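1. Have a look; sequence and predicted model below, questions after that.
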Amino acid sequence: MPGMFDTARPDPAAVERVKALFAATFDLPEDVLLSVAELRCHEPGCPPIETVVTARRTAAPVRDWRLHKSIKEIEPSDVTALAARLADQGGSAGS
């Protein structure tokens, strides 16, 4: 039975594409370390799949964003919509 800790790895090209989308959309400096994780959940009320993008930078708070899609399904419009939604909420992290 597949679980949250499956060892299947996402396509590296898709991960790099998502990193580039977030870096450009959120105007992240080059020294930001971005990590992308695809999580699966089988609990009630939990989205079945979620991609979490985390930004780390020395002497700065960690920022993360969540999209309820797999890495390969994320489109530029998803990231720009997330950025607009966060701007409307007055924030820059989370989703």
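-> Looks like it came in fine. Residues are numbered from 1 along each chain as shown.

2. Quick one: low-confidence residue ranges for this protein.
-> Within the chain, the segments meeting pLDDT under 70 span 1-7, 91-95.

3. ok, now which ones touch Ala23?
-> 32, 34 (C-beta atoms under 8 Å, 6 or more residues apart in numbering). (Glycine included, C-beta is placed from N, CA and C.)

4. mind running it again at 7 Å?
-> Residues in contact with Ala23 (C-beta atoms under 7 Å, 6 or more residues apart in numbering) are Leu34.

5. Just say helix, strand or coil for it.
-> Secondary structure, DSSP: H, G, I helix; E, B strand; the rest coil: Ala23 is helix.

6. center of this structure, which residue is that?
-> For the chain, the residue nearest the mean C-alpha position is Val53 (2.8 Å; C-alpha atoms, centre = their mean).

7. Against Pro44, how distant is it?
-> 25 Å (C-beta to C-beta, to the nearest Å).

8. Same check on Ala24?
-> Ala24 is 36 Å from Pro44, by C-beta to C-beta.

9. Neighbour count: those two, which is higher?
-> Taking neighbours as other C-beta atoms under 10 Å, Ala24 and Pro44 compare with Ala24 leading, 12 against 5.

10. What is the neighbour count of the nearest residue to Glu50 once chain neighbours are set aside?
-> Distance criterion C-beta to C-beta, 6 or more residues apart in numbering; nearest residue to Glu50, sequence neighbours excluded, is Leu39 at 4.9 Å. Number of residues near Leu39 (other C-beta under 10 Å) recorded here: 15.

11. Helix or strand for Leu39, just tell me which one.
-> strand 33-40 (DSSP states H and E).

12. Would you mark the buried spots in that strand?
-> 34, 36, 38, 40 (16 or more other C-beta atoms under 10 Å).

13. again, but for stretch 51-66
-> Quick answer for stretch 51-66 (16+ other C-beta under 10 Å): 51, 53-55, 63, 65-66.
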